[in-house]
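> Below are the sequence and a predicted model; questions follow.
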Amino acid sequence: MGADKNVELVRAGYAAFSAGDMATLHGLFAEDAVWHSPGSGLMSGSKQGRDAILAFHAEREGKVIDYDNVNVFRISDGVVTEVGQFSQDTGESDAFWA
């Protein structure tokens, strides 16, 4: 799969996430995909498997957190197999989710 197709896949994933379209997201991740989140808070650590990845999104008591993240995607055979998340401020993220 070429770089353009990989970009399309990631963009489709963000669009599906924004729309709450879990069925589309389900199809974009490999069954054994891994998502790594930095820090030491409640949401930190590695999520093993597509179902665990899709289950860890949440809201937090009406609070909003606004900081920059970078997500690095590994894509193989047209599906996401691994994501590394890097946060601007892991301490702020940890405190938000505490």
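All right, it came through fine.

> pull the helix or strand with minimum mean pLDDT from this structure.
Within the chain, confidence by mean pLDDT, DSSP states H and E is lowest for helix 90-97 among all helices and strands, at a mean of 82.

> Contacts for that helix next, please.
By C-beta atoms under 8 Å, 6 or more residues apart in numbering, the surrounding residues in contact with helix 90-97 are 38-44, 60, 63, 65, 67, 87. All C-beta atoms are positioned from the backbone trio N, CA, C, and that covers glycine.

> Could I get the full set of helices for the protein?
Listed in chain order, the helices of the chain (DSSP state H) span 3-19, 22-28, 50-55, 90-97.

> mean pLDDT lowest for which of those?
Ranked by mean pLDDT, these bottom out at helix 90-97, with a mean of 82.

> Would you mind listing the buried residues in that helix?
90, 93-94, 96-97 (16 or more other C-beta atoms under 10 Å).

> May I have it as CSV, with CA atoms only?
Output of helix 90-97 as CSV, limited to C-alpha atoms (Å, rounded to 0.1, in the frame of the first residue of the first chain):
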residue,chain,number,x,y,z
THR,A,90,1.9,14.1,29.7
GLY,A,91,1.6,15.6,33.2
GLU,A,92,-1.4,17.6,32.1
SER,A,93,-3.0,14.6,30.5
ASP,A,94,-2.3,12.4,33.5
ALA,A,95,-3.9,15.0,35.8
PHE,A,96,-6.9,15.4,33.6
TRP,A,97,-7.6,11.7,33.6
